[in-house]
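Trainee: Predicted model follows, preceded by the sequence.
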Amino acid sequence: GAGVSQTPSNKVTEKGKYVELRCDPISGHTALYWYRQSLGQGPEFLIYFQGTGAADDSGLPNDRFFAVRPEGSVSTLKIQRTERGDSAVYLCASSPGPSTYNEQFFGPGTRLTVL
Amino acid sequence: DAKTTQPPSMDCAEGRAANLPCNHSTISGNEYVYWYRQIHSQGPQYIIHGLKNNETNEMASLIITEDRKSSTLILPHATLRDTAVYYCIVRAIYNQGGKLIFGQGTELSVKP
């Protein structure tokens, strides 16, 4: 079946602009995760959704970052007033549930470049 | 979740076994060892996990020492497609939400 998809694959924006990144999880997966990966580093956790609600947003770096999952499937990561330091690959993952026993399936990521 | 330590890079000859070590000396009894890998320009991919017994699947074997302070991921017959960054991650059984805490991983280069 289809895996996790993310759009766009690449996004170039200017400093101060607003961007939205979209994630389509695997159908039926209730848990959804966003991670951010800077060059040469491992992915860094941002936020986790169980269903429609954000169960853990402890990784969001500041209030410019916000994510939603209104119907419990597709999720959108929103970044306001982008800064050059926001440039990274943003990864989305989904899982059948939040249990430690469930593996996470990752999408290919969205590469965000802030000029 | 406990911290892990991995060598930054390793080389392996194609067709030979690749043995990737991971140190997790502060691991507690309710924490699993997970391995993921990330091929260039792709998202991470789950490989295997274990608690205290050795585990094997179609991708790899996981050997955990008796004291659980270290483990080794074994790719029995490495191919060029196994070139990737390999992440060793420790997760609590009751890790609420199951988020993954990645380190910097080991960059494995499989050479012909």
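Mentor: Noted; the coordinates are in hand.

Trainee: Next, the contact list for residue 86, please.
Mentor: Picked chain A for this. Counting by CB atoms under 8 Å, 6 or more residues apart in numbering or on different chains, A:Asp86 touches A:Ile79, A:Leu112, A:Val114. Every C-beta, even on glycine, is put in place using the N, C-alpha and C of the backbone.

Trainee: let's do chain B instead
Mentor: Counted by CB under 8 Å, 6+ apart, B:Tyr86 has contacts B:Gln6, B:Leu20, B:Trp35, B:Tyr36, B:Arg37, B:Ile47, B:Leu73, B:Gly105, B:Thr106, B:Glu107, B:Leu108.

Trainee: coming back round to it: from the contacts of A:Asp86, which is closest to B:Arg16?
Mentor: Among the contacts of A:Asp86, A:Leu112 lies closest to B:Arg16 (CB to CB), at 38.5 Å.

Trainee: so what's that closest one closest to, chain neighbours aside?
Mentor: A:Lys11 (5.0 Å; CB to CB, 6 or more residues apart in numbering or on different chains).

Trainee: before we move on, the earlier item: out of the contacts of A:Asp86, who's nearest A:Asp56?
Mentor: A:Ile79 (18.7 Å).

Trainee: I figured the closest one hits A:Lys15, correct?
Mentor: No - counting by CB atoms under 8 Å, A:Ile79 stays clear of A:Lys15, with 11.6 Å between them.

Trainee: Which residue of those two possesses the greater neighbour count?
Mentor: A:Ile79 (22 against 12; other CB atoms under 10 Å in any protein chain shown).

Trainee: what sits against the more buried one?
Mentor: A:Tyr18, A:Val19, A:Glu20, A:Leu21, A:Arg64, A:Phe65, A:Phe66, A:Asp86, A:Leu112.
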